[in-house]
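In: Coordinates only, no sequence provided:
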Ligand SMILES: Cc1cc2nc3c(=O)[nH]c(=O)nc-3n(C[C@H](O)[C@H](O)[C@H](O)COP(=O)(O)OP(=O)(O)OC[C@H]3O[C@@H](n4cnc5c(N)ncnc54)[C@H](O)[C@@H]3O)c2cc1C
């Protein structure tokens, strides 16, 4: 029987940072990281803008960053969490720098701090426009050298095994699908850390990669974890519109911070009609303003106008964005860039305390899959990588203190799974997935949400999926689709219960 002291599910910033910190302090513990595709296939890798940290104490302050975060969160943030995250940020940043992560500096050798929507000050540290890739590659490099960490790629976790005794549920292991050998296996563990990212793939237009199917959230919910704030899905206002498949390529908020304008079909700026901060308003405000403008015009996109900016500086700051636009024949120095709002970030998730602890014993949730209380109804730009670092740290400190209490479960009841199969049903599930994305998008963006109708339609899609598996048994598309169904139902349920509608 396979076993490990700590099992981390997910190889994004939160899982890797937790692994690195815990493995350093506790070389006696065995740590396994499972990830459903290659380790690099994450939301983290796509992060462009950077990480919000107060470093310039002359112009900026913790209080200003706290104020901006609370304001963006629309009164629904947990102030204690906001203060903890923002005040801890410099220490966590220093840890990234110590492992060789590089952030850009200006000609005077000072941090080249970016500005993004909702921030009252320049405070975003970045590595050009590929900050996530820089952070993730440095973390992966370290992780691969640590003898007590085993990184298992192409290992998809299907479900958490949990036991309930005297009304207390404890997780004791996971069932996972090992792609190479086409087998479902079981691993016992003393602690599980969910760091599985978000659920952007539930929507037709999203910036999230294909892995973002809400697996961790669905698994945690099945095991009995509390889920909160799923009605708050953040839409990023400027995803590149090509009229093609998701995910959509992101044009970072930092581009607006750099001075780009959003204009309509007639080339006119319109955001000031909706908010005095214009382009530098928070994401929810800008996305809603664009959606309203599109409703009025009947068009399917607006534009980002960078033509007035210094082209040399633009290309130096945003080489990835510029290269991507160029590949599509768009020259930002002379062409307008077509953009639309796209589902970007899950503000809610698995409810955790200040240490990333869920209501299930031995189960932690960190990173985007967790609902920590930092974001309220709308995450402030570049606070997500920061949250992932801080909660990975908190969870690591907590595990270290409590791991001695955890014992391997002696009695395991392993349900009999049918043989897993990689069959040709990807195509059938792709069709079902598109229907689900259409349905969730239409429900979420509608002025008059009909939850009951959405429930019925989703259940019918689920039945179609179940009937597809009658011939194929368990397959990866089925597992992902089931998780997407479960996550959609949670969003609809929590939207129905929410007093304030999140718009977009
Ligand atoms: C295009 C884009 C740009 C962004 N830019 C920024 C930015 O500039 N600043 C900022 O703060 N935030 C940004 N964000 C948000 C931020 O990148 C994410 O919130 C953050 O990286 C999430 O990290 P994570 O550790 O929670 O998980 P992720 O990086 O999403 O990784 C999730 C991991 O879980 C694995 N996984 C999922 N399900 C399973 C399963 N069933 N079994 C095994 N493994 C599983 C995945 O394979 C993956 O390895 C951006 C997001 C996107 C999409």
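Out: Received the coordinates, thanks. Not measured: the values here are computed from a predicted model. Numbering: from 1, shown residues only.
In: For this structure, name the helix or strand with the lowest mean pLDDT.
Out: In the chain, the helix or strand scored least confidently by mean pLDDT, DSSP states H and E is helix 451-472, which has a mean of 81.
In: right, and the helix or strand after that helix?
Out: helix 476-497 (DSSP states H and E).
In: so that following helix versus helix 451-472, what angle?
Out: If you take axes from the mean of the first three to the mean of the last three CA atoms, to 10 degrees, helix 476-497 sits at 170 degrees to helix 451-472.
In: Can you list the buried residues in helix 476-497?
Out: In terms of neighbour count (16 or more other CB atoms under 10 Å), helix 476-497 has its buried residues at 476-495. For every residue, glycine as well, the C-beta is placed using N, CA and C.
In: related to what we said a few turns ago, how about residues contacting the least confident helix or strand of the chain?
Out: The contact list for helix 451-472, computed with CB atoms under 8 Å, 6 or more residues apart in numbering, reads 421, 423, 425, 428-429, 432, 435-436, 439-440, 443, 475, 478, 481-482, 485, 488-489, 492-493, 495-496.
In: can you rerun that using 7 Å?
Out: 421, 423, 425, 428, 432, 435-436, 439, 443, 478, 481-482, 485, 488-489, 492, 495-496 (CB atoms under 7 Å, 6 or more residues apart in numbering).
In: do stretch 214-228 as well
Out: Outside stretch 214-228, the residues that touch it by CB under 7 Å, 6+ apart are 9-10, 157, 159-160, 162, 169, 171, 194, 196, 199, 202, 348-351, 358-360, 363, 365, 369, 371, 480, 483-484, 486-487, 490.
In: Of those, select the buried ones using a PyMOL command.
Out: Restricted to buried positions by 16+ other CB under 10 Å, the PyMOL selection for the contacts of stretch 214-228 reads:
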select buried, resi 9+10+157+159+160+162+169+171+194+196+199+202+348+349+350+351+358+359+360+363+365+369+371+480+483+484+486+487+490
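In: In strands only, show me the contacts of stretch 214-228.
Out: 9, 157, 159-160, 162, 169, 171, 194, 349-351, 363, 365, 371 (DSSP state E).
In: Check the residues you listed one by one and keep those near the ligand.
Out: Residues of the ones in strands among the contacts of stretch 214-228 in contact with the ligand (CB under 6 Å from any ligand atom): 9, 157.
In: residues near residue 166, how many?
Out: Counted with other CB atoms under 10 Å, residues neighbouring residue 166 total 4.
In: Quick check: it vs the ligand, distance?
Out: 30 Å (CB to the nearest ligand atom, to the nearest Å).
In: so which residue of the stretch 101-250 of the chain comes closest to the ligand?
Out: residue 197 (2.4 Å; CB to the nearest ligand atom).
In: neighbours around that residue, how many?
Out: 31.
In: same question, residue 438
Out: 13.
In: so what's the residue nearest to it when sequence neighbours are not counted scoring on pLDDT?
Out: Excluding the flanking residues, the one nearest residue 438 by CB to CB, 6 or more residues apart in numbering is residue 204, at 5.9 Å. pLDDT recorded at residue 204 is 94.
In: tell me the secondary structure for residue 204?
Out: coil (DSSP: H, G, I helix; E, B strand; the rest coil).
In: any idea how far residue 177 is from it?
Out: 27 Å (CB to CB, to the nearest Å).
In: higher neighbour count, these two?
Out: residue 177 (22 against 19).
In: Go ahead and confirm the more buried one touches residue 158.
Out: Yes - using CB atoms under 7 Å, residue 177 makes contact with residue 158 at a distance of 5.8 Å.
In: Identify the contacts common to the two.
Out: Counting by CB under 7 Å, 6+ apart, the contacts common to residue 177 and residue 158 are residue 184.
In: Using just helix, strand and coil, how would you label residue 133?
Out: helix.
In: Ignoring the adjacent residues along the chain, who's closest to the residue in the stretch 351-500 of the chain that the ligand sits nearest to?
Out: Residue of the stretch 351-500 of the chain nearest the ligand, by CB to the nearest ligand atom: residue 367 (2.3 Å). Closest residue to residue 367 apart from its sequence neighbours, by CB to CB, 6+ apart: residue 14 at 2.9 Å.
In: The ligand contacts on the stretch 101-250 of the chain?
Out: Residues of the stretch 101-250 of the chain that fall close to the ligand, judged by CB under 6 Å from any ligand atom: 131-132, 156-157, 195-197, 207-208, 211, 215-216, 250.
In: can you list the domains in this structure?
Out: Listed domain ranges for the chain are 2-231+347-405, 238-343, 426-497 (source: automatic domain parsing).
In: Would you mind finding the most buried of those?
Out: domain 2-231+347-405 (a mean of 21; mean count of other CB atoms under 10 Å).
In: Ends of it, what's the gap?
Out: One end of domain 2-231+347-405 sits 20 Å from the other (CA to CA, to the nearest Å).
In: pLDDT at residue 502, what is it?
Out: Looking at residue 502, the pLDDT reads 56.
In: er, residue 260 I mean
Out: For residue 260, pLDDT reads 97.
In: Verify the contact between it and residue 305 for me.
Out: Yes - taking contacts as CB under 7 Å, residue 260 lies within contact range of residue 305: 6.3 Å.
In: contacting residues around residue 384?
Out: Shown in contact with residue 384 (CB under 7 Å, 6+ apart): 345, 368.
In: State the helix or strand in which residue 88 lies.
Out: helix 79-98.
In: Kindly report the same for residue 398.
Out: In this assignment (DSSP H and E), residue 398 forms part of helix 384-402.
In: and what of residue 137?
Out: Going by DSSP H and E, residue 137 is in helix 131-145.
In: neighbouring contacts of that helix?
Out: Here helix 131-145 makes contact (CB under 7 Å, 6+ apart) with 13, 16-17, 19-20, 39-40, 42, 44-51, 96, 99-102, 127, 149, 151, 385.
In: mind listing which of the residues you listed are in helices?
Out: Members of the contacts of helix 131-145 lying in helices (criterion: DSSP state H): 13, 16, 17, 19, 20, 96, 385.
In: hmm, which two among the residues you listed are most spread apart?
Out: For the ones in helices among the contacts of helix 131-145, the maximum inter-member distance is 16.2 Å, found between 19 and 385 (CB to CB).
In: returning to that earlier point: dump the residues of the stretch 101-250 of the chain next to the ligand to TSV, plus distance to residue 379 and pLDDT.
Out: Conversion of these to TSV gives the following (distance: CB to CB, whole Å; pLDDT from 0 to 100):
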residue	distance to residue 379	pLDDT
131	16	97
132	15	98
156	27	96
157	26	97
195	17	98
196	18	98
197	14	98
207	13	97
208	14	98
211	20	97
215	21	98
216	18	98
250	14	97
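In: Residue 488 contacts residue 435, correct?
Out: No - contact criterion CB under 7 Å: residue 488 and residue 435 do not qualify, at 11.3 Å.
In: shared neighbours, the two?
Out: Contacts common to residue 488 and residue 435, judged by CB under 7 Å, 6+ apart, are absent.
In: how much does the helix holding residue 88 deviate in direction from helix 384-402?
Out: Computed by the same axes, to 10 degrees, the angle separating helix 79-98 from helix 384-402 equals 90 degrees.
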